[in-house]
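Model the structure of this input:
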Amino acid sequence: MANIRTEQMTPTQKVAALLITLGPSTASEIMKNIEDTAALEQITIEIAGMSKLPQEVIEAIVDEFHAVFQASTMLAAGGMTYAKELLEKAYGANEANDILNRLVTILNSNPFQFFNEADPAQLATSFQNENPQLIALILAYLKPEQSAKVLNYLAPNIQYKVALKIAQMETTNPEIISEVEKIVESKFSNVVASDFSKAGGTKALASILNSTDRSTEKNVIETMEVEIPELAEDVRSLMFVFEDIIQLDDSSIQRVLREVDTRDLATSLKGAKDEVKDKILKNLSERAQGMLLEEIEYMGPVRTKEVQKAQSKIVGVIKALEAVGEITIYRDSQEDELIE
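Have a look, this model is predicted:
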């Protein structure tokens, strides 16, 4: 990164660089308030892999963030015209336009930002009698973890309908978008609705289901497998569920097991398929196998909710290790390519 320029850096890299510059104490306080776990993960990865940056790059990044924050304050105080006027005086017309464009992009990046801050249980209650298409449209724009929580609270029959609509969502006719805007504006006046045409799809649904609890995930996928098996296969190929552990190679399984608590592992295997149990046991030492089997027998009956919680924790470990490149998840949709 020695010769990198700020224009070559992604927004995430710039945030990582700023946090490094601010120092551990301030950076940690900022990171505590980043609610988007996926974004936080990416920022952390960038921080870990970032080498020393030239002083001029650091100064340019700090100046850029300062300008955007300053513009945000001006915008809140007196509107766009006021902010533009003050920024032009401080930075000149061209620079002022660049700053405002960046700020507008940040402010408009999520048309349903209000719902990210709302209580998911209350959201689910207010959505319960809405058209599944409308609920799907909103959830497709929320942070995956927030969408997952809302989906968890919806009735099982509604969960599937909404999930199906998200997976099938494609480019929307402008006239339909206009109608959706009117519905959202009348029902949820605090929401800014714009550019719904690119939301949804199988990737969006997979991302949401990856963050739901196991019962919601199973309900949606199993119902979809019965009604539209091809779509279910597409969604499953984009996500990782507990049963997919059998797809991991032995070295990956062993790496995962080093991060998993024995009790969580034992709980997760309660009622699991024999092939999953066999895969886990195969990658443990004889002594560890004995301890695990003893733990499973000793704990007796376990609530389904506890099993699903333990399975979700292990899937979380697997995804985290994949994110930092320590293991590879080979999904069904991936082709086995040979590299010369």
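
which phi and psi does Thr304 have?
phi -60, psi -40 (degrees, to the nearest 10).

and the residue lying closest to it once chain neighbours are set aside, what helix or strand is that in?
Spatial nearest neighbour of Thr304, excluding adjacent residues (Cβ to Cβ, 6 or more residues apart in numbering): Ser215 at 7.5 Å. Where C-beta positions appear, they are placed from N, C-alpha and C, glycine not excepted. Taking DSSP states H and E as the criterion, Ser215 maps to helix 214-227.

avg pLDDT for that helix?
Helix 214-227 shows a mean pLDDT of 84.

in the stretch 101-250 of the chain, which spans are strands?
Assigned strands in the stretch 101-250 of the chain: none (criterion: DSSP state E, counting those that start in this stretch).

remind me which residues of it are low pLDDT?
For the stretch 101-250 of the chain, the stretches with pLDDT under 70 are 101-114, 170-200.

which stretches of it form helices?
113-116, 120-127, 132-139, 144-153, 156-168, 174-187, 202-209, 214-227, 229-237, 250-257 (DSSP state H, counting those that start in this stretch).

right, and those - which one's nearest Ile327?
In terms of Cβ to Cβ, the element of these nearest to Ile327 is helix 250-257, at 3.9 Å.

mind giving me JSON lines with the helices of the stretch 101-250 of the chain and columns for mean neighbour count and distance to Glu326?
Below are the helices of the stretch 101-250 of the chain laid out as JSON lines (neighbours: other Cβ atoms under 10 Å; distance: least, Cβ to Cβ, whole Å):
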{"stretch": "helix 113-116", "mean neighbour count": "17", "distance to Glu326": "30"}
{"stretch": "helix 120-127", "mean neighbour count": "17", "distance to Glu326": "32"}
{"stretch": "helix 132-139", "mean neighbour count": "22", "distance to Glu326": "31"}
{"stretch": "helix 144-153", "mean neighbour count": "22", "distance to Glu326": "22"}
{"stretch": "helix 156-168", "mean neighbour count": "21", "distance to Glu326": "30"}
{"stretch": "helix 174-187", "mean neighbour count": "13", "distance to Glu326": "42"}
{"stretch": "helix 202-209", "mean neighbour count": "23", "distance to Glu326": "21"}
{"stretch": "helix 214-227", "mean neighbour count": "18", "distance to Glu326": "24"}
{"stretch": "helix 229-237", "mean neighbour count": "17", "distance to Glu326": "22"}
{"stretch": "helix 250-257", "mean neighbour count": "16", "distance to Glu326": "6"}
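
Minimum distance to Gly316: which of these has it?
Across these, closest to Gly316 is helix 250-257 (Cβ to Cβ), at 10.6 Å.

Past that closest one, which element shows up next along the chain?
Next helix or strand after helix 250-257 toward the C-terminus (DSSP H and E): helix 262-268.
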